[in-house]
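Participant: Sequence first, then the predicted structure:
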Amino acid sequence: MRVALLNNPHLKAISPWSRARTIISTGSIPPAAPLSWAPAALVFTDMTPAGVSRAKFNDYILHLRCVPPIRPPRTNAEPVSDGPESSDVRFFLEGHQCSGQDRPSSRAVFAVGGWYDNFVESDLNAFTALHNAAGKTDDKHRIMIGPWAHNMSIPFSGIDLGLDSSAPIRAYQIEWFDHAEGHAGKCGALLAGDVA
Amino acid sequence: MRGVAAGDDVRSVSESLHVRVPSATASISITNIFHPALSARYPTVLVRTPYGKGPDLPAGYSSFLDHGYAVMLQDVRGRYASEGKFDALRQEGPDGYDTLNWIAEQPWSNGRVGLIGGSYLGIAQCEWHC
């Protein structure tokens, strides 16, 4: 009997970012057809999640195309807003949340998310579940949430997210994997706690 | 085999393109593998993507090789060069699990694997159920 991916003994660390179930049901997609957040691909292949009306889903997807990110950049003084998502859309965004109870693995996790990414809530929830599953004294996990959207490499035209809207992810990943692999090396910003 | 610049150094890299990696579902995932060209065993950074692994080592991944990691990029089932029918996300737990075991059996692998990737690739890392 096979067990979950994260329980594979060869898996030592993961580094996901933008952790959320973006696609819940499948359509028939040609192997080399574009597959991304392309709204048309999601709409026309009918990836509407169960429990969400097709019209509501399509409206939401098209909304993403028109005004990403949903959450505009905030100043420090502004309170956190829940954003304009409807309950149906929230169901879509959180359609695959972690409960922690079915997450027996404690693989090292370095997660990255963006404050202006529509999926930041599920990033945080997934990370919390993984961290709790590993035990509160476990030091295996890190998360970095920064002032960027879904992909920090792709800026939005006309939207300036500030000087800090990118990070040396590759360097952090190497530091993280070295840590998980047990390589000797200097303690960089990630492990020193400067990135949290 | 070819050279990858690492600062002032140029290191040799072994590359194996379009390698067929089987899974228990009888599907074949086509994979590109890169590792330092030495007779040693390396930890592996695995990228499983539905967006196309590309024909070669993508920019930015050579830094893993410079730090003594193998890099493996795989088209997930039903996408680009890989065979089978694409079953978004649901397939990634079982296929990913089988790929991990396949890596551990390779002569260049030390049996330790890390996963990276964003968006769909990040979700797939967390697909715990087979």
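Facilitator: Structure's in. What do you need? Residues are numbered from 1 along each chain as shown, chains lettered A, B, ... in the order given.
Participant: how about the helices in chain B?
Facilitator: Using DSSP state H, the helices assigned to chain B run over residues B:62-66, B:92-104, B:120-125.
Participant: ok, the shortest one near chain A or not?
Facilitator: It stands for helix B:62-66. Yes. Helix B:62-66 reaches chain A (CB under 8 Å from any CB of the partner chain) through B:63-64. Where you see a C-beta, it was placed from the backbone N, CA and C, and this is true even at glycine.
Participant: would you put the C-alpha positions of that helix in CSV?
Facilitator: C-alpha atoms of helix B:62-66 as CSV (Å, rounded to 0.1, in the frame of the first residue of the first chain):
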residue,chain,number,x,y,z
SER,B,62,22.5,26.0,-12.5
SER,B,63,23.1,27.5,-9.0
PHE,B,64,21.7,24.2,-7.6
LEU,B,65,24.4,22.3,-9.6
ASP,B,66,27.0,24.7,-8.3
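Participant: Next, the buried residues of that helix.
Facilitator: B:62, B:64-66 (16 or more other CB atoms under 10 Å in any protein chain shown).
Participant: doesn't B:Ser27 make contact with B:Arg20?
Facilitator: No. Between B:Arg20 and B:Ser27 there is no contact under CB atoms under 8 Å: 10.2 Å.
Participant: between these two, who's got more neighbours?
Facilitator: B:Ser27 (20 against 11; other CB atoms under 10 Å in any protein chain shown).
Participant: Got phi/psi on that one?
Facilitator: Dihedral pair for B:Ser27: phi -90, psi 160, per degrees, to the nearest 10.
Participant: And for the closest residue to it other than its chain neighbours, the neighbour number?
Facilitator: Distances taken as CB to CB, 6 or more residues apart in numbering or on different chains put B:Gly84 closest to B:Ser27, at 3.6 Å, once the chain neighbours are dropped. B:Gly84 has 18 neighbouring residues, counting by other CB under 10 Å.
Participant: returning to what we had before: in JSON lines: the helices of chain B, plus mean pLDDT and distance to B:Ile33.
Facilitator: Converted to JSON lines, the helices of chain B look like this (pLDDT from 0 to 100; distance: least, CB to CB, whole Å):
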{"stretch": "helix B:62-66", "mean pLDDT": "94", "distance to B:Ile33": "11"}
{"stretch": "helix B:92-104", "mean pLDDT": "92", "distance to B:Ile33": "9"}
{"stretch": "helix B:120-125", "mean pLDDT": "82", "distance to B:Ile33": "17"}
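Participant: Nearest to A:Thr128, out of those?
Facilitator: helix B:120-125 (15.7 Å; CB to CB).
Participant: tell me what that closest one is packed against?
Facilitator: When contacts are defined as 3 or more CB pairs under 8 Å, 6 or more residues apart in numbering or on different chains; DSSP states H and E, helix B:120-125 packs onto strand A:11-17, strand B:42-49, helix B:92-104, strand B:109-118.
Participant: picking up where we left off before, would you mind putting the helices of chain B into CSV with distance to A:Ser166 alongside?
Facilitator: Shown next, in CSV, are the helices of chain B (distance: least, CB to CB, whole Å):
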stretch, distance to A:Ser166
helix B:62-66, 16
helix B:92-104, 28
helix B:120-125, 17
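Participant: picking up where we left off before, next one: the residue nearest to B:Ser27 from A:Ala111, what distance?
Facilitator: Separation of B:Gly84 from A:Ala111 (CB to CB, to the nearest Å): 29 Å.
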